[in-house]
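>>> Quick one, fold the following:
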Amino acid sequence: MKGWRGLAAGAAALAVAVSGCGTSTNSGSNTETKEITVWLMDGSAAPTLTDALNKEFESANGIKVKYEVQKWTGIQEKLTTALASSTPPDVIELGNTQIAGFADQGTLADLTADASQFNSGEWLGGLKDSLTLNGKQYGVPFYAANRTVIYRTDLFQAAGITTPPTSRAEWIDAINKLKAANASNPDFQALYLPGQSWYFLLSLIWDEGGDIAKQDNGKWTSTLDSAQSKAGFEAYKALYDASAAKKAPADTDEAKPQQYEVFETGNVGMMIGLPWELGSAVKDKPELKDKTAAFPIPSKKAGSSAPVFLGGSNLAIPTASKNAAAAKKWLSLLSSKKYQDMLAEGGAVPGTSKDTSKLETNAVGKALAASAPNGKVTPSSPKWGAVEAGQNPLKDALTAYLSGAKPLDQATKDASDAITKALG
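Residues are numbered from 1 along each chain as shown. Reported below is the predicted structural model:
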(Lines give C-alpha, C1' and ligand atoms only; values in the text may rest on other atoms or scores of the structure.)
Protein backbone atom coordinates (compact mmCIF):
# COMPACT_ATOMS: atom_id res chain seq x y z
CA MET A 1 0.00 0.00 0.00
CA LYS A 2 1.15 3.52 -0.63
CA GLY A 3 2.21 4.41 2.88
CA TRP A 4 -0.72 5.98 4.70
CA ARG A 5 -2.15 7.38 1.49
CA GLY A 6 -2.29 3.93 -0.03
CA LEU A 7 -4.54 2.75 2.79
CA ALA A 8 -7.34 4.81 1.29
CA ALA A 9 -7.26 2.56 -1.73
CA GLY A 10 -6.70 -0.49 0.43
CA ALA A 11 -4.14 -2.13 -1.95
CA ALA A 12 -0.72 -1.60 -3.39
CA ALA A 13 2.09 -3.01 -5.44
CA LEU A 14 5.44 -4.29 -4.25
CA ALA A 15 8.50 -2.47 -3.06
CA VAL A 16 11.04 -3.76 -5.51
CA ALA A 17 13.27 -2.47 -8.24
CA VAL A 18 15.12 -3.67 -11.26
CA SER A 19 18.74 -3.24 -10.36
CA GLY A 20 19.20 -3.99 -6.65
CA CYS A 21 20.41 -7.40 -5.55
CA GLY A 22 22.10 -8.97 -2.55
CA THR A 23 25.58 -10.39 -2.82
CA SER A 24 27.50 -13.27 -1.31
CA THR A 25 30.93 -14.72 -1.87
CA ASN A 26 29.40 -18.05 -2.82
CA SER A 27 26.37 -17.77 -5.11
CA GLY A 28 23.33 -19.57 -3.74
CA SER A 29 24.81 -19.90 -0.24
CA ASN A 30 23.86 -17.89 2.82
CA THR A 31 26.93 -18.86 4.81
CA GLU A 32 29.16 -16.05 3.52
CA THR A 33 26.61 -13.34 2.84
CA LYS A 34 28.17 -9.86 2.91
CA GLU A 35 25.15 -7.76 1.98
CA ILE A 36 21.39 -7.97 1.71
CA THR A 37 19.15 -5.65 -0.24
CA VAL A 38 15.94 -4.40 1.37
CA TRP A 39 13.35 -2.46 -0.57
CA LEU A 40 10.56 -0.65 1.26
CA MET A 41 8.03 1.77 -0.16
CA ASP A 42 8.03 5.52 0.32
CA GLY A 43 6.17 6.42 3.50
CA SER A 44 6.05 2.92 5.00
CA ALA A 45 8.59 3.32 7.80
CA ALA A 46 10.16 6.33 9.44
CA PRO A 47 13.93 6.79 8.89
CA THR A 48 14.43 6.71 12.66
CA LEU A 49 13.13 3.13 12.67
CA THR A 50 14.96 1.84 9.61
CA ASP A 51 18.23 3.56 10.54
CA ALA A 52 18.22 1.97 13.99
CA LEU A 53 17.11 -1.42 12.65
CA ASN A 54 19.75 -1.60 9.93
CA LYS A 55 22.50 -0.42 12.25
CA GLU A 56 21.63 -3.06 14.85
CA PHE A 57 21.39 -5.79 12.20
CA GLU A 58 24.74 -4.89 10.67
CA SER A 59 26.43 -4.79 14.07
CA ALA A 60 25.01 -8.12 15.20
CA ASN A 61 25.55 -10.03 11.95
CA GLY A 62 28.44 -8.39 10.14
CA ILE A 63 26.22 -8.07 7.08
CA LYS A 64 25.65 -4.77 5.32
CA VAL A 65 22.08 -3.68 4.52
CA LYS A 66 21.62 -2.02 1.15
CA TYR A 67 18.43 -0.19 2.02
CA GLU A 68 16.53 1.72 -0.65
CA VAL A 69 13.14 3.44 -0.58
CA GLN A 70 11.05 2.93 -3.70
CA LYS A 71 8.62 5.36 -5.29
CA TRP A 72 5.20 4.23 -6.38
CA THR A 73 5.35 5.54 -9.92
CA GLY A 74 6.22 2.66 -12.23
CA ILE A 75 6.58 0.14 -9.42
CA GLN A 76 4.54 -2.55 -11.16
CA GLU A 77 6.95 -2.65 -14.10
CA LYS A 78 9.93 -2.73 -11.76
CA LEU A 79 8.32 -5.59 -9.88
CA THR A 80 7.87 -7.69 -12.98
CA THR A 81 11.50 -7.29 -13.99
CA ALA A 82 12.97 -7.78 -10.52
CA LEU A 83 11.10 -10.94 -9.61
CA ALA A 84 11.83 -12.46 -13.01
CA SER A 85 15.57 -11.92 -12.56
CA SER A 86 18.05 -14.25 -10.87
CA THR A 87 19.20 -11.50 -8.50
CA PRO A 88 16.12 -9.89 -6.92
CA PRO A 89 16.20 -7.86 -3.69
CA ASP A 90 16.26 -10.03 -0.58
CA VAL A 91 13.35 -8.41 1.26
CA ILE A 92 10.43 -6.72 -0.49
CA GLU A 93 7.29 -4.96 0.67
CA LEU A 94 3.91 -6.00 -0.71
CA GLY A 95 0.44 -4.55 -0.31
CA ASN A 96 -1.52 -7.11 1.64
CA THR A 97 -4.08 -7.69 -1.10
CA GLN A 98 -1.28 -8.45 -3.58
CA ILE A 99 0.61 -11.30 -1.98
CA ALA A 100 -1.61 -14.16 -3.17
CA GLY A 101 -1.06 -13.30 -6.81
CA PHE A 102 2.72 -13.28 -6.59
CA ALA A 103 2.84 -16.33 -4.33
CA ASP A 104 0.78 -18.19 -6.91
CA GLN A 105 3.39 -17.34 -9.53
CA GLY A 106 6.07 -19.03 -7.43
CA THR A 107 8.13 -15.88 -6.94
CA LEU A 108 7.84 -15.68 -3.12
CA ALA A 109 9.54 -17.96 -0.62
CA ASP A 110 7.38 -20.19 1.57
CA LEU A 111 7.97 -18.99 5.15
CA THR A 112 5.50 -21.31 6.89
CA ALA A 113 8.19 -23.24 8.76
CA ASP A 114 9.89 -20.02 9.84
CA ALA A 115 6.83 -18.18 11.17
CA SER A 116 7.67 -18.67 14.84
CA GLN A 117 10.90 -16.67 14.53
CA PHE A 118 8.78 -13.76 13.28
CA ASN A 119 6.63 -13.72 16.43
CA SER A 120 3.72 -15.46 14.68
CA GLY A 121 1.85 -15.95 17.94
CA GLU A 122 1.24 -12.20 17.98
CA TRP A 123 -0.08 -11.82 14.42
CA LEU A 124 -3.64 -10.55 14.08
CA GLY A 125 -5.90 -13.02 12.32
CA GLY A 126 -6.66 -10.72 9.41
CA LEU A 127 -2.97 -10.04 8.80
CA LYS A 128 -2.17 -13.75 8.81
CA ASP A 129 -4.96 -14.38 6.31
CA SER A 130 -3.54 -11.74 3.98
CA LEU A 131 -0.27 -13.62 3.50
CA THR A 132 -1.68 -17.14 3.38
CA LEU A 133 -2.33 -19.08 0.17
CA ASN A 134 -3.40 -22.72 0.13
CA GLY A 135 -2.46 -23.07 3.78
CA LYS A 136 1.08 -21.75 3.36
CA GLN A 137 2.48 -18.41 4.52
CA TYR A 138 4.44 -16.33 2.05
CA GLY A 139 5.34 -13.31 4.12
CA VAL A 140 5.48 -11.53 7.46
CA PRO A 141 3.00 -8.82 8.50
CA PHE A 142 4.59 -5.37 8.32
CA TYR A 143 1.95 -2.92 9.50
CA ALA A 144 -1.70 -2.09 9.04
CA ALA A 145 -4.38 0.50 9.62
CA ASN A 146 -8.13 0.49 9.34
CA ARG A 147 -10.96 2.92 8.93
CA THR A 148 -12.56 4.61 11.91
CA VAL A 149 -15.27 7.24 12.20
CA ILE A 150 -13.51 10.62 12.38
CA TYR A 151 -15.73 13.34 13.82
CA ARG A 152 -15.94 16.97 14.86
CA THR A 153 -16.01 17.09 18.65
CA ASP A 154 -17.31 20.66 18.68
CA LEU A 155 -20.26 19.78 16.45
CA PHE A 156 -21.06 16.74 18.57
CA GLN A 157 -21.05 18.89 21.69
CA ALA A 158 -23.27 21.53 20.10
CA ALA A 159 -25.75 18.81 19.05
CA GLY A 160 -25.90 17.40 22.57
CA ILE A 161 -24.03 14.19 21.76
CA THR A 162 -22.03 13.52 24.90
CA THR A 163 -20.43 10.18 24.03
CA PRO A 164 -19.48 8.55 20.70
CA PRO A 165 -21.94 5.96 19.36
CA THR A 166 -21.31 2.34 20.31
CA SER A 167 -24.01 0.73 18.15
CA ARG A 168 -25.39 1.31 14.69
CA ALA A 169 -28.69 2.52 16.15
CA GLU A 170 -26.84 5.09 18.27
CA TRP A 171 -24.91 6.14 15.19
CA ILE A 172 -28.12 6.86 13.27
CA ASP A 173 -29.40 8.77 16.29
CA ALA A 174 -26.22 10.89 16.32
CA ILE A 175 -26.66 11.60 12.60
CA ASN A 176 -30.18 12.83 13.21
CA LYS A 177 -29.10 15.05 16.12
CA LEU A 178 -26.34 16.59 14.01
CA LYS A 179 -28.78 17.29 11.17
CA ALA A 180 -31.24 18.91 13.53
CA ALA A 181 -28.58 21.09 15.13
CA ASN A 182 -27.35 22.25 11.70
CA ALA A 183 -30.69 22.51 9.91
CA SER A 184 -30.01 26.10 8.90
CA ASN A 185 -27.01 25.03 6.79
CA PRO A 186 -28.23 23.54 3.48
CA ASP A 187 -24.74 22.20 2.73
CA PHE A 188 -24.36 20.33 5.99
CA GLN A 189 -23.82 16.56 5.94
CA ALA A 190 -23.86 14.77 9.27
CA LEU A 191 -21.91 11.89 7.70
CA TYR A 192 -20.02 12.29 4.44
CA LEU A 193 -20.54 8.92 2.75
CA PRO A 194 -19.91 8.67 -1.00
CA GLY A 195 -21.77 5.91 -2.81
CA GLN A 196 -18.79 3.71 -3.67
CA SER A 197 -16.97 3.45 -0.33
CA TRP A 198 -16.71 -0.31 -0.73
CA TYR A 199 -14.17 -0.94 2.02
CA PHE A 200 -16.70 0.46 4.47
CA LEU A 201 -19.38 -1.69 2.83
CA LEU A 202 -17.27 -4.73 3.75
CA SER A 203 -17.51 -3.75 7.42
CA LEU A 204 -21.29 -3.77 7.22
CA ILE A 205 -21.42 -7.03 5.25
CA TRP A 206 -19.10 -8.76 7.72
CA ASP A 207 -21.03 -7.29 10.65
CA GLU A 208 -24.19 -8.87 9.27
CA GLY A 209 -22.49 -12.25 8.94
CA GLY A 210 -21.97 -12.08 5.18
CA ASP A 211 -18.84 -12.13 3.04
CA ILE A 212 -17.56 -11.37 -0.43
CA ALA A 213 -16.88 -14.97 -1.38
CA LYS A 214 -16.27 -18.43 0.04
CA GLN A 215 -13.76 -21.06 -1.02
CA ASP A 216 -14.62 -24.73 -1.43
CA ASN A 217 -12.07 -27.25 -2.69
CA GLY A 218 -9.94 -24.45 -4.08
CA LYS A 219 -12.80 -22.80 -5.95
CA TRP A 220 -14.07 -19.33 -5.04
CA THR A 221 -17.76 -18.47 -5.28
CA SER A 222 -19.10 -15.02 -4.44
CA THR A 223 -21.72 -14.75 -1.70
CA LEU A 224 -22.68 -11.11 -2.18
CA ASP A 225 -26.24 -12.19 -2.98
CA SER A 226 -26.71 -14.01 0.35
CA ALA A 227 -29.27 -12.66 2.80
CA GLN A 228 -26.52 -11.58 5.18
CA SER A 229 -24.56 -9.70 2.51
CA LYS A 230 -27.72 -8.00 1.28
CA ALA A 231 -28.34 -6.83 4.86
CA GLY A 232 -24.94 -5.12 4.70
CA PHE A 233 -26.02 -3.25 1.56
CA GLU A 234 -29.25 -2.23 3.30
CA ALA A 235 -27.31 -0.93 6.30
CA TYR A 236 -25.14 1.14 3.94
CA LYS A 237 -28.23 2.64 2.29
CA ALA A 238 -29.75 3.47 5.67
CA LEU A 239 -26.65 5.46 6.63
CA TYR A 240 -26.40 7.02 3.17
CA ASP A 241 -30.03 8.14 3.20
CA ALA A 242 -29.84 9.43 6.77
CA SER A 243 -26.63 11.42 6.25
CA ALA A 244 -28.18 14.54 4.74
CA ALA A 245 -30.76 15.92 2.36
CA LYS A 246 -27.82 16.79 0.12
CA LYS A 247 -26.06 13.47 -0.13
CA ALA A 248 -22.60 12.63 -1.38
CA PRO A 249 -22.49 11.40 -5.01
CA ALA A 250 -23.61 7.80 -5.49
CA ASP A 251 -21.15 7.15 -8.31
CA THR A 252 -17.83 8.13 -6.71
CA ASP A 253 -15.63 6.79 -3.93
CA GLU A 254 -13.85 8.49 -1.05
CA ALA A 255 -11.00 9.63 -3.30
CA LYS A 256 -13.10 11.55 -5.85
CA PRO A 257 -12.99 14.14 -4.41
CA GLN A 258 -10.65 13.37 -1.55
CA GLN A 259 -13.06 13.14 1.35
CA TYR A 260 -10.74 14.94 3.76
CA GLU A 261 -11.09 18.02 1.54
CA VAL A 262 -14.87 17.83 1.99
CA PHE A 263 -14.51 17.20 5.72
CA GLU A 264 -12.32 20.25 6.25
CA THR A 265 -14.92 22.63 4.76
CA GLY A 266 -16.74 22.72 8.08
CA ASN A 267 -19.94 21.35 6.55
CA VAL A 268 -19.37 17.75 7.64
CA GLY A 269 -19.82 16.18 11.04
CA MET A 270 -18.22 12.77 10.37
CA MET A 271 -16.31 10.80 7.76
CA ILE A 272 -15.24 7.15 7.67
CA GLY A 273 -11.53 7.47 7.09
CA LEU A 274 -7.92 6.58 7.71
CA PRO A 275 -5.32 8.32 9.89
CA TRP A 276 -3.62 10.04 6.96
CA GLU A 277 -6.92 11.60 5.91
CA LEU A 278 -7.34 13.33 9.23
CA GLY A 279 -3.68 14.30 9.10
CA SER A 280 -4.19 15.90 5.69
CA ALA A 281 -7.25 17.81 6.90
CA VAL A 282 -5.38 19.11 9.94
CA LYS A 283 -2.42 20.11 7.78
CA ASP A 284 -4.74 22.22 5.63
CA LYS A 285 -6.77 23.51 8.57
CA PRO A 286 -4.65 23.42 11.75
CA GLU A 287 -7.60 24.58 13.84
CA LEU A 288 -9.14 21.11 13.34
CA LYS A 289 -6.47 19.49 15.51
CA ASP A 290 -8.31 20.28 18.72
CA LYS A 291 -11.77 19.76 17.24
CA THR A 292 -11.51 16.20 15.94
CA ALA A 293 -11.47 12.68 17.37
CA ALA A 294 -12.43 9.18 16.25
CA PHE A 295 -14.39 6.12 17.32
CA PRO A 296 -14.55 2.55 15.94
CA ILE A 297 -17.16 1.78 13.30
CA PRO A 298 -20.12 0.67 15.42
CA SER A 299 -21.61 -2.79 15.10
CA LYS A 300 -25.31 -3.51 14.92
CA LYS A 301 -24.68 -5.25 18.25
CA ALA A 302 -24.66 -2.67 21.03
CA GLY A 303 -21.30 -2.14 22.68
CA SER A 304 -19.31 -3.76 19.87
CA SER A 305 -17.34 -2.51 16.89
CA ALA A 306 -17.89 -3.81 13.39
CA PRO A 307 -15.24 -5.87 11.59
CA VAL A 308 -12.92 -3.69 9.53
CA PHE A 309 -10.78 -4.14 6.46
CA LEU A 310 -7.13 -4.21 7.50
CA GLY A 311 -5.22 -2.32 4.84
CA GLY A 312 -1.47 -2.45 5.00
CA SER A 313 1.69 -4.18 3.90
CA ASN A 314 3.51 -7.47 4.28
CA LEU A 315 7.17 -8.27 3.81
CA ALA A 316 8.39 -11.20 1.75
CA ILE A 317 11.53 -12.87 0.51
CA PRO A 318 11.74 -13.56 -3.24
CA THR A 319 12.24 -17.22 -4.12
CA ALA A 320 15.37 -16.36 -6.09
CA SER A 321 17.07 -14.51 -3.21
CA LYS A 322 20.66 -15.68 -2.74
CA ASN A 323 20.61 -14.47 0.86
CA ALA A 324 17.41 -15.88 2.31
CA ALA A 325 18.91 -16.89 5.67
CA ALA A 326 20.22 -13.38 6.30
CA ALA A 327 16.94 -11.88 5.08
CA LYS A 328 15.09 -13.99 7.65
CA LYS A 329 17.36 -12.60 10.39
CA TRP A 330 16.49 -9.06 9.27
CA LEU A 331 12.78 -9.86 9.37
CA SER A 332 13.17 -11.50 12.77
CA LEU A 333 14.76 -8.35 14.19
CA LEU A 334 12.02 -6.17 12.73
CA SER A 335 9.47 -8.49 14.33
CA SER A 336 10.85 -7.86 17.81
CA LYS A 337 8.94 -5.76 20.34
CA LYS A 338 11.44 -2.90 20.14
CA TYR A 339 10.71 -2.18 16.48
CA GLN A 340 7.03 -3.07 16.68
CA ASP A 341 6.68 -0.43 19.38
CA MET A 342 8.36 2.06 17.06
CA LEU A 343 5.85 1.24 14.32
CA ALA A 344 3.02 1.81 16.79
CA GLU A 345 4.53 5.11 17.93
CA GLY A 346 4.47 6.16 14.27
CA GLY A 347 0.70 5.63 14.13
CA ALA A 348 0.48 2.14 12.61
CA VAL A 349 -1.06 -1.07 13.85
CA PRO A 350 2.10 -3.18 14.36
CA GLY A 351 2.33 -6.30 12.22
CA THR A 352 3.87 -8.79 14.63
CA SER A 353 2.73 -7.53 18.03
CA LYS A 354 -0.69 -7.27 19.64
CA ASP A 355 0.65 -4.68 22.08
CA THR A 356 -0.79 -1.40 20.81
CA SER A 357 -0.13 0.69 23.92
CA LYS A 358 2.30 2.91 22.00
CA LEU A 359 -0.42 3.55 19.42
CA GLU A 360 -3.08 4.55 21.92
CA THR A 361 -1.77 8.05 22.62
CA ASN A 362 -4.61 9.87 20.84
CA ALA A 363 -8.24 9.30 19.91
CA VAL A 364 -7.51 8.00 16.41
CA GLY A 365 -4.86 5.61 17.70
CA LYS A 366 -7.23 4.31 20.36
CA ALA A 367 -9.94 3.73 17.75
CA LEU A 368 -7.47 1.92 15.48
CA ALA A 369 -6.28 -0.28 18.32
CA ALA A 370 -9.82 -1.13 19.37
CA SER A 371 -10.86 -2.07 15.83
CA ALA A 372 -7.80 -3.95 14.57
CA PRO A 373 -8.33 -7.26 16.43
CA ASN A 374 -11.63 -7.56 14.57
CA GLY A 375 -9.95 -6.94 11.21
CA LYS A 376 -10.41 -8.97 8.05
CA VAL A 377 -9.13 -8.93 4.48
CA THR A 378 -10.42 -9.58 0.97
CA PRO A 379 -10.37 -13.12 -0.48
CA SER A 380 -6.85 -14.58 -0.57
CA SER A 381 -7.13 -15.44 -4.24
CA PRO A 382 -4.41 -14.87 -6.85
CA LYS A 383 -7.08 -13.28 -9.01
CA TRP A 384 -8.46 -10.82 -6.48
CA GLY A 385 -6.28 -7.97 -7.73
CA ALA A 386 -8.15 -7.91 -11.03
CA VAL A 387 -11.47 -7.56 -9.18
CA GLU A 388 -10.27 -4.62 -7.12
CA ALA A 389 -8.36 -2.79 -9.83
CA GLY A 390 -10.79 -3.31 -12.68
CA GLN A 391 -14.47 -2.51 -13.02
CA ASN A 392 -15.06 -3.21 -9.36
CA PRO A 393 -18.40 -5.07 -9.06
CA LEU A 394 -18.85 -3.89 -5.46
CA LYS A 395 -18.75 -0.27 -6.58
CA ASP A 396 -21.13 -0.98 -9.44
CA ALA A 397 -23.59 -2.70 -7.11
CA LEU A 398 -23.55 0.16 -4.62
CA THR A 399 -24.16 2.83 -7.25
CA ALA A 400 -26.92 0.83 -8.92
CA TYR A 401 -28.67 0.18 -5.63
CA LEU A 402 -28.32 3.64 -4.10
CA SER A 403 -29.35 5.42 -7.29
CA GLY A 404 -32.35 3.18 -7.82
CA ALA A 405 -31.06 1.90 -11.16
CA LYS A 406 -31.40 -1.68 -9.88
CA PRO A 407 -33.28 -3.28 -7.01
CA LEU A 408 -31.10 -4.82 -4.31
CA ASP A 409 -31.59 -8.40 -5.45
CA GLN A 410 -30.49 -7.61 -9.00
CA ALA A 411 -27.58 -5.39 -7.99
CA THR A 412 -26.12 -8.00 -5.63
CA LYS A 413 -26.73 -10.90 -8.04
CA ASP A 414 -24.95 -9.09 -10.86
CA ALA A 415 -22.02 -8.26 -8.58
CA SER A 416 -21.87 -11.79 -7.22
CA ASP A 417 -21.86 -13.29 -10.72
CA ALA A 418 -19.11 -10.91 -11.83
CA ILE A 419 -16.87 -11.72 -8.86
CA THR A 420 -17.38 -15.46 -9.20
CA LYS A 421 -16.40 -15.22 -12.86
CA ALA A 422 -13.34 -13.10 -12.08
CA LEU A 423 -12.10 -15.46 -9.35
CA GLY A 424 -12.91 -18.64 -11.26
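
>>> Helices along the stretch 251-400 of the chain, start to end?
259-263, 275-284, 324-334, 337-345, 363-371, 384-389, 393-403 (DSSP state H, counting those that start in this stretch).

>>> for those, which one sits closest to Gly106?
For Gly106, the closest of the helices of the stretch 251-400 of the chain is helix 324-334, at 14.8 Å, according to C-beta to C-beta. The C-beta positions use only the backbone N, C-alpha and C, and glycine is treated the same way.

>>> quick one: pLDDT of Thr25?
At Thr25, the model reports a pLDDT of 39.

>>> circling back to that earlier point, hey, least reliable of the helices of the stretch 251-400 of the chain by pLDDT?
The stretch with the lowest mean pLDDT among the helices of the stretch 251-400 of the chain is helix 384-389, at a mean of 88.

>>> neighbouring contacts of it?
The contact list for helix 384-389 (C-beta atoms under 8 Å, 6 or more residues apart in numbering) reads Gly10, Ala11, Thr97, Gln98, Ala100, Gly101, Thr378, Pro393, Ile419, Ala422, Leu423.

>>> What about Asp51, how many residues nearby?
12 (other C-beta atoms under 10 Å).

>>> so which of the contacts of helix 384-389 comes closest to Ser184?
Gly10 (36.9 Å).

>>> could I get the helices of the stretch 251-400 of the chain as CSV with mean neighbour count?
Rendered in CSV, the data for these read as follows (neighbours: other C-beta atoms under 10 Å):
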stretch, mean neighbour count
helix 259-263, 22
helix 275-284, 20
helix 324-334, 22
helix 337-345, 19
helix 363-371, 22
helix 384-389, 18
helix 393-403, 22
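
>>> Where does pLDDT dip in the protein?
Low-confidence segments of the chain, defined by pLDDT under 70: 1-31.

>>> all helices of the stretch 101-250 of the chain, in order?
125-130, 153-158, 168-181, 198-207, 227-243.

>>> How many residues are close by Ser167?
Ser167, neighbours per other C-beta under 10 Å, totals 16.

>>> Give me the spatial nearest neighbour of it, chain neighbours excluded.
Setting aside the residues directly before and after it, Ser167 is nearest to Ala302 in space (C-beta to C-beta, 6 or more residues apart in numbering), at 4.0 Å.

>>> How about Asp253?
Gln196 is the one closest to Asp253 (C-beta to C-beta, 6+ apart), at 4.1 Å.

>>> who's in contact with the one you found?
Ala250, Asp251, Thr252, Asp253, Asn392, Lys395, Leu398, Thr399.

>>> Give me the phi and psi for the third one.
Spelled out, that is Thr252. Thr252 has phi and psi values of phi -130, psi 160 when expressed as degrees, to the nearest 10.

>>> any idea how far it is from Phe118?
39 Å (C-beta to C-beta, to the nearest Å).

>>> Which one's more surrounded, these two?
Neighbour count, other C-beta under 10 Å: between Thr252 and Phe118, Phe118 has more, with 24 against 16.

>>> Pairing partners for Leu315 in the sheet, please.
On the basis of DSSP bridges, Leu315 is bridged to Glu93, Val140.

>>> and the gap between it and Trp276?
For Leu315 relative to Trp276 (C-beta to C-beta), the value is 21 Å.

>>> Same question for Ile297.
17 Å.

>>> do the same with Leu131
23 Å.

>>> ok, how many other residues are close to Asn182?
Neighbours of Asn182 (other C-beta under 10 Å): 19.

>>> Name the nearest residue to it, sequence neighbours excluded.
Nearest residue to Asn182 in three dimensions, chain neighbours excluded: Phe188, at 4.1 Å (C-beta to C-beta, 6+ apart).

>>> how about the strands in the stretch 51-200 of the chain?
Ranges of strands within the stretch 51-200 of the chain are 64-70, 91-95, 132-133, 136-137, 140-145, 148-152, 189-192, based on DSSP state E, counting those that start in this stretch.

>>> List the neighbouring strands of the last one plus their orientation.
This points to strand 189-192. Paired neighbours of strand 189-192 in the sheet (DSSP bridges): strand 268-273 (parallel).

>>> Not counting its own residues, what contacts the partner strand?
Counting by C-beta under 8 Å, 6+ apart, 8, 147-152, 155-156, 159, 175, 178, 182, 188-193, 197, 200, 254, 259-260, 262-263, 277, 297 sit against strand 268-273.
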